[in-house]
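Chemist: Provided below are the primary sequence and the corresponding predicted coordinates.
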Amino acid sequence: MNETEKKAYLDRMGFSGQVTLDEDCLERLIRAHLEHVPFENLDGFDFKLVPEISEEALLEKVVHQRRGGYCFELNMLFGHLLGALGFSWYPVAVRVVFNKPSLPPTAHMGLVVKLGEKRSFVDVGYGGPGPKGLLPLEPGVWQVNKEEFQVRQIEEGDFCIDRQQEGEWKSLLQFQDLPVREVDFQLLNFYCAKCPQILFTQKRIINLCTPDGSKALTDKELTIRTKEGVTRRTCESREELETALREEFGICVSLP
């Protein structure tokens, strides 16, 4: 990623200010990404495509076309940006265990970022209730963006990330802290885009964080959460869907 591409990507994220190799800057980068680049599966669900996850293709889609993507796209490109800015990082293969009755296959990508001897989990490509900021990768209870998460190491040697929900811990993500070659995500990317048992092929899922809440489009239902409350409405036509995508998420597409 060259200097022009870095600047265009940072502009796409709405990030301003000096980049410094510390936790404060990394936190601001994560939040800027979450609040400006939506999680979305339009390629797989609406357009029946397998997203390309090369750096060149991702820059074109996310930065120049101002689209979003899912984990293999958003975390992959964000990792390349972090590397270009001088951060040390590597991708990890993750199981999404949230609300799963048995151990699911690996079908998600996260990032581990190293600052000195400290490692942190970073995820700008999870459309679910994961940590929306920097999470220390060491056992304990941590507060991330006013939410509590617990990091555990379990018998298999995996890390498990739990979220505090209604007074109890709910397991979200499970993974080994081992670097995975980027080429190995090609197979997982194809699987998630085409497998009929995967949620991404069953319904349209769009999510975007906001400074005081979130926006979500699930199939045809638009949900906007703010500190004042929750509003919902159904997009009944293709034109209403395209308007919601454009006005709420900044995605300009013509749906099939």
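Modeler: On my side now, so go ahead.

Chemist: Any stretches of the stretch 1-150 of the chain with poor pLDDT?
Modeler: Within the stretch 1-150 of the chain, no stretch falls below the threshold (pLDDT under 70).

Chemist: What segments of it are helices?
Modeler: Listed in chain order, the helices of the stretch 1-150 of the chain (DSSP state H, counting those that start in this stretch) span 3-12, 23-36, 42-45, 55-58, 71-85.

Chemist: Columns mean neighbour count and distance to residue 117 on top of those helices, output as JSON lines?
Modeler: No exception for glycine: its C-beta is placed from N, CA and C like everyone else's. Formatted as JSON lines, these follow (neighbours: other Cβ atoms under 10 Å; distance: least, Cβ to Cβ, whole Å):
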{"stretch": "helix 3-12", "mean neighbour count": "15", "distance to residue 117": "27"}
{"stretch": "helix 23-36", "mean neighbour count": "19", "distance to residue 117": "13"}
{"stretch": "helix 42-45", "mean neighbour count": "21", "distance to residue 117": "39"}
{"stretch": "helix 55-58", "mean neighbour count": "16", "distance to residue 117": "28"}
{"stretch": "helix 71-85", "mean neighbour count": "22", "distance to residue 117": "18"}
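
Chemist: so who does the residue sitting nearest the centre point of the chain touch?
Modeler: The chain has residue 125 as the residue nearest its centroid, 1.2 Å off, counting by Cα atoms, centre = their mean. Contacts here follow Cβ atoms under 8 Å, 6 or more residues apart in numbering; on that basis residue 125 touches 39, 69, 70, 71, 72, 73, 74, 75, 78, 108, 109, 110.

Chemist: what number of residues lie near the second one?
Modeler: In this case it means residue 69. The burial count assigned to residue 69 is 25, neighbours taken as other Cβ atoms under 10 Å.
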